[in-house]
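Enquirer: What follows is a predicted protein model with its sequence.
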Amino acid sequence: MCRNIHTLHNFEPAASSDEVHAAALQYVRKIAGTTKPSKANAEAFDHAVAEIAHITQHLLEDLVATTPPKNREEEAAKARARAERSGRYGTPVAVAS
């Protein structure tokens, strides 16, 4: 689950509130061990997501970058290229017998 949380700091454009919320949701899901809480836990789950998103937004605003911001599209293209090279998303490699 947590590998779906992406780095949000030092990108241009800056992380949107939707991206911050998605990261908080993934974090809470991982900690709670569930993707959907029971009715009894829904309020606590939603409250945790909101609190973590709120503090994450403050963290991102307070962090100081020492390098120029990264371009989101360029970084996504690099990640796709790495995934294809690893064989995770490319055409399957035939195994010689």
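Expert: Structure received.

Enquirer: And the helices in the protein?
Expert: 17-32, 42-62, 72-86 (DSSP state H).

Enquirer: Any buried residues in the longest one, and which?
Expert: Across helix 42-62, burial judged by 16 or more other CB atoms under 10 Å covers 45, 48, 49, 52, 53, 56, 57, 60. Backbone N, C-alpha and C define where each C-beta goes, glycine included.

Enquirer: need the residues you listed in CSV with distance to residue 9, can you?
Expert: CSV is the format used below for the buried residues of helix 42-62 (distance: CB to CB, whole Å):
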residue, distance to residue 9
45, 25
48, 21
49, 20
52, 15
53, 15
56, 10
57, 11
60, 6
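
Enquirer: Tell me the one among these nearest to residue 8.
Expert: residue 60 (5.9 Å; CB to CB).

Enquirer: List the residues that contact that closest one.
Expert: By CB atoms under 8 Å, 6 or more residues apart in numbering, the contact list for residue 60 reads 8, 9, 14, 15, 20.

Enquirer: returning to what we had before: could I get the helices of the chain as a markdown table with mean pLDDT?
Expert: Formatted as a markdown table, the helices of the chain follow (pLDDT from 0 to 100):
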| stretch | mean pLDDT |
| --- | --- |
| helix 17-32 | 95 |
| helix 42-62 | 97 |
| helix 72-86 | 87 |
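
Enquirer: any idea how far residue 13 is from residue 70?
Expert: To residue 70, residue 13 is 11 Å away according to CB to CB, to the nearest Å.
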